[in-house]
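Peer 1: Prediction below, plus the sequence it came from.
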Amino acid sequence: MPELPEVEVVRRGLADHVLDRRIARVEVLHPRAVRRHPAGGDDFAGRLTGRTLSAAARRGKYLWLELDSAGEGDDALLAHLGMSGQMLVEAPDAPDEKHLRVRVRFDDDGPELRFVDQRTFGGLSVHPLAAATGGGLVPAPVAHIARDPMDPAWVAGDAVAALRRRRTEIKRALLDQTVVSGIGNIYADEALWRARLHGARPTDRLTRAQGHAVLDAASTVMHEALAQGGTSFDALYVNVNGASGYFDRSLNVYGQADRACRRCGTPIRRDAFMNRSSFTCPRCQPAPRPRR
């Protein structure tokens, strides 16, 4: 699934192309695309028609477009990209994509916004903005999500303390979006490799210095990925213009099983992890000793 850098690439594209534009018409072309909008497709379209998109915002992996003026009581169009969701800006006369699910037309007759989703795991919905646990206003369904390392109000020390309070393994804690948001499997593995920490290290054995090291590494690698348009392993991960990122060429450990570690030359190891995979260097990231 797309992680923070990939979602931020989309957010920036939307900010450039759809803000301050009034919605003239909304077409829901597949009901699953709005299944997270409980009142259904007609209500979804009605809630958007005539509204102006005023801001493009993100917290962690979640993206939304605020409607009309920002502030308490206003609504937002929340986008969950899932595994294959794309937010594309296309000319009105451009051919429809095979997996086009929702079309948003504007009253200026300019480029339209399309939600394309091959696997239909993603979706769009409209929600009121609500106070978030970590502060600020966000769509109500994501009010529990923690701030992410690219958020100007993010406090690294608070995130380190939250990590160390968990009674779990460090990689599982990094993937917990209520602790720190935006980090997924790819950037967790990359951050742990840079910090020379094994993902199975218990969080209650993590020093403050190690906590800062892994979160600093996560922030650095995600900024580097953002500069390269994110990580794209197939044609499903694209920006609003349909272009793929190329940070996958710079990955040090994720997806590099059996290749030499760029730091020490030891073959990278792949292990099963939560129905996914973890990639580590056995020498740079020694597994923690079992508890007695």
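Peer 2: Yep, it's here.

Peer 1: Count the neighbours of R208 for me.
Peer 2: 12 (other C-beta atoms under 10 Å). Bear in mind the C-beta positions are built from the backbone N, C-alpha and C, glycine included.

Peer 1: Help me confirm that it comes into contact with A159.
Peer 2: No. Counting by C-beta atoms under 8 Å, R208 does not reach A159; the two are 11.3 Å apart.

Peer 1: Run a quick neighbour tally on D258.
Peer 2: Around D258 there are 8 residues (other C-beta under 10 Å).

Peer 1: hang on, it in a helix?
Peer 2: No. Secondary structure of D258, determined by DSSP: H, G, I helix; E, B strand; the rest coil: coil, with no helix assignment.

Peer 1: Closest to the mean position in the protein, which residue would that be?
Peer 2: Nearest to the centroid of the C-alpha atoms of the chain, with distances taken as C-alpha atoms, centre = their mean, sits K61, at 2.3 Å.

Peer 1: So L100 is in contact with L113, correct?
Peer 2: No. Here L100 does not reach L113: they are 11.2 Å apart, not a contact under C-beta under 8 Å.

Peer 1: Among these two, which residue is more densely surrounded?
Peer 2: Neighbour count, other C-beta under 10 Å: between L100 and L113, L113 has more, with 23 against 19.

Peer 1: Any chance you could list what contacts the one helix or strand the more buried one maps to?
Peer 2: Using DSSP states H and E, L113 maps to strand 112-117. Residues external to strand 112-117 that are found in contact with it (C-beta atoms under 8 Å, 6 or more residues apart in numbering): 14, 18, 30, 33, 79, 81-82, 84-92, 97, 99-106, 122-124.

Peer 1: from those residues, which would you call buried?
Peer 2: A residue is treated as buried here by neighbour count (16 or more other C-beta atoms under 10 Å); on that basis the buried members of the contacts of strand 112-117 are 14, 18, 30, 33, 79, 81-82, 84-90, 97, 99-106, 122-124.

Peer 1: what sits against the residue nearest to the centre of the chain?
Peer 2: By C-beta under 8 Å, 6+ apart, the contact set of K61 is 1-4, 7, 81, 177, 181-182, 184.

Peer 1: For the residues you listed, give me TSV that also has secondary structure and pLDDT.
Peer 2: Below are these laid out as TSV (DSSP: H, G, I helix; E, B strand; the rest coil; pLDDT from 0 to 100):
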residue	secondary structure	pLDDT
M1	coil	72
P2	coil	83
E3	coil	86
L4	helix	90
V7	helix	92
L81	coil	91
Q177	coil	94
S181	coil	95
G182	coil	94
G184	coil	92
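
Peer 1: how about the nearest residue to W193, chain neighbours excluded?
Peer 2: Nearest non-adjacent residue to W193, counting by C-beta to C-beta, 6 or more residues apart in numbering: V253, 4.2 Å away.

Peer 1: ugh, wrong one, I meant R32
Peer 2: The spatially closest residue to R32, leaving aside those adjacent along the chain, is T120, at 4.5 Å (C-beta to C-beta, 6+ apart).

Peer 1: how close does the one you found get to P31?
Peer 2: When C-beta to C-beta, to the nearest Å is applied, the distance between T120 and P31 equals 10 Å.

Peer 1: Of the two, which one has the most company?
Peer 2: T120 (17 against 12).

Peer 1: what about the more buried one, which SS state?
Peer 2: Taken by three-state DSSP, the conformation at T120 corresponds to coil.

Peer 1: Please verify my assumption that it contacts A33.
Peer 2: Yes. In this structure, T120 is within contact of A33 by C-beta under 8 Å, at 6.8 Å.

Peer 1: Common neighbours of those two, please.
Peer 2: Going by C-beta under 8 Å, 6+ apart, residues that sit against T120 and also against A33 are R101.

Peer 1: how near is the closest residue to P111 other than its chain neighbours to F106?
Peer 2: Beyond its immediate neighbours in the sequence, the residue positioned closest to P111 (C-beta to C-beta, 6+ apart) is V89, lying 4.9 Å away. As defined by C-beta to C-beta, V89 lies at a distance of 10 Å from F106.
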